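1. turn this into a structure:
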Amino acid sequence: MDEKIFEQGIRLALELGIRLKIELEGVDIPLESTFCGFVDNYIIITPPSPYHQIQHKLFSGAELVVRYFYHGTIYAFQTKLFSLIDQPVRLLFIYYPKLIQKSELRSEKRSFCYIPAAIEVGDNENNGTIVDIAKSGCHFLVRGKNNKRLIHFKIGDQVKLNCKFPGVKQTLEIIGVVKNLRTSRYDANVGLQFHENIPDVTLKIITWYISTIEKFIPAQEVKLDFSEKD
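-> Residues are numbered from 1 along each chain as shown. So this is what the prediction gives:
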């Protein structure tokens, strides 16, 4: 993945109705919203769904991370909630970001998911979630509030994932390498490339899981490229 971490000067490419993936501090369930428009320096979106479970987290100043896919590129940015209105319809106004992450995606379709897992680097272990996956790699999200101490990840680290896929009894052990990374005081978003000698049974389970997602959930046709960049 050719990932530019939080560059300035990138304009958001958005069309009405684009689905947005929302991360809200203190909320571990997947959240989705829809882009509704711009006004002044604010972005207008629908309340994240499921709204009734997270409405108490939606207050002025609440921090959000927004991600979406558009024409072969994933955009991501951090922002804050400015205001929420209930009339004539319920809408959120969030600040237009100063810094935007733009990820050019190339080689392989990936599927959004939510798979609890543990990640190990040496003798250190953190609990987290696989938030998207392909046959060649995944993105892994670690939240500080779920761990006593965040691992200090570095590009090139070899890691081990221990996870259970839905419908599979056995715990899978997957070896990977950190290829891209975004961290803050509160969390770490780790892009992993799976080891080339991943066991056949593990690869079959991942392939089966991805195909299952695509049958029942509209897939985002985005691509991953974990090749080394100059």
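2. hey, let's count contacts and neighbours off CA atoms from now on
-> Fine.
3. which residues are in contact with the helix or strand where residue 82 lies?
-> Assessed by DSSP states H and E, residue 82 sits inside strand 73-85. Contacts with strand 73-85, where a contact means CA atoms under 8 Å, 6 or more residues apart in numbering, come from 6, 12, 58-69, 90-97, 99-105, 222.
4. let's see it at 7 Å
-> 59-69, 91-95, 97, 99-105 (CA atoms under 7 Å, 6 or more residues apart in numbering).
5. what's the answer for stretch 175-182, then?
-> Against stretch 175-182 from outside (CA under 7 Å, 6+ apart): 154-161, 188-195, 226.
6. circling back to that earlier point, are any of the contacts of strand 73-85 buried, and which?
-> Among the contacts of strand 73-85, the ones that count as buried by 16 or more other CA atoms under 10 Å are 63-64, 66-69, 91-95, 97, 99-105.
7. may I have stretch 76-90 exported as CSV, CA atoms only?
-> Output of stretch 76-90 as CSV, limited to C-alpha atoms (Å, rounded to 0.1, in the frame of the first residue of the first chain):
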residue,chain,number,x,y,z
ALA,A,76,-9.0,8.8,6.5
PHE,A,77,-8.9,11.8,8.8
GLN,A,78,-9.3,12.7,12.5
THR,A,79,-11.8,15.3,13.4
LYS,A,80,-14.2,16.5,16.2
LEU,A,81,-17.9,16.8,16.4
PHE,A,82,-19.0,20.5,16.3
SER,A,83,-22.8,20.1,16.7
LEU,A,84,-25.7,17.7,16.4
ILE,A,85,-29.2,18.8,15.3
ASP,A,86,-32.5,16.9,15.6
GLN,A,87,-34.7,19.0,13.4
PRO,A,88,-35.8,18.8,10.6
VAL,A,89,-33.7,15.6,10.6
ARG,A,90,-31.0,14.4,12.8
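8. buried ones in that stretch?
-> 76-84.
9. quick check: buried residues in the helix ranked longest in the chain?
-> In the chain, with assignment by DSSP state H, the single longest helix is helix 200-216. Judged by neighbour count using 16+ other CA under 10 Å, the buried positions of helix 200-216 are 203, 205-206, 209-210.
10. with only the CA atoms kept, save that helix in CSV.
-> Taking C-alpha atoms only, helix 200-216 is exported to CSV below (Å, rounded to 0.1, in the frame of the first residue of the first chain):
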residue,chain,number,x,y,z
ASP,A,200,-2.6,-23.8,3.5
VAL,A,201,-5.3,-24.4,6.1
THR,A,202,-5.0,-20.8,7.4
LEU,A,203,-5.2,-19.4,3.8
LYS,A,204,-8.2,-21.6,3.1
ILE,A,205,-10.0,-20.2,6.2
ILE,A,206,-9.2,-16.6,5.3
THR,A,207,-10.4,-17.2,1.7
TRP,A,208,-13.6,-18.8,2.9
TYR,A,209,-14.2,-16.0,5.3
ILE,A,210,-13.7,-13.3,2.7
SER,A,211,-16.0,-15.1,0.2
THR,A,212,-18.6,-15.4,3.0
ILE,A,213,-18.5,-11.6,3.7
GLU,A,214,-18.8,-10.8,0.0
LYS,A,215,-22.0,-13.0,-0.3
PHE,A,216,-23.8,-11.4,2.5
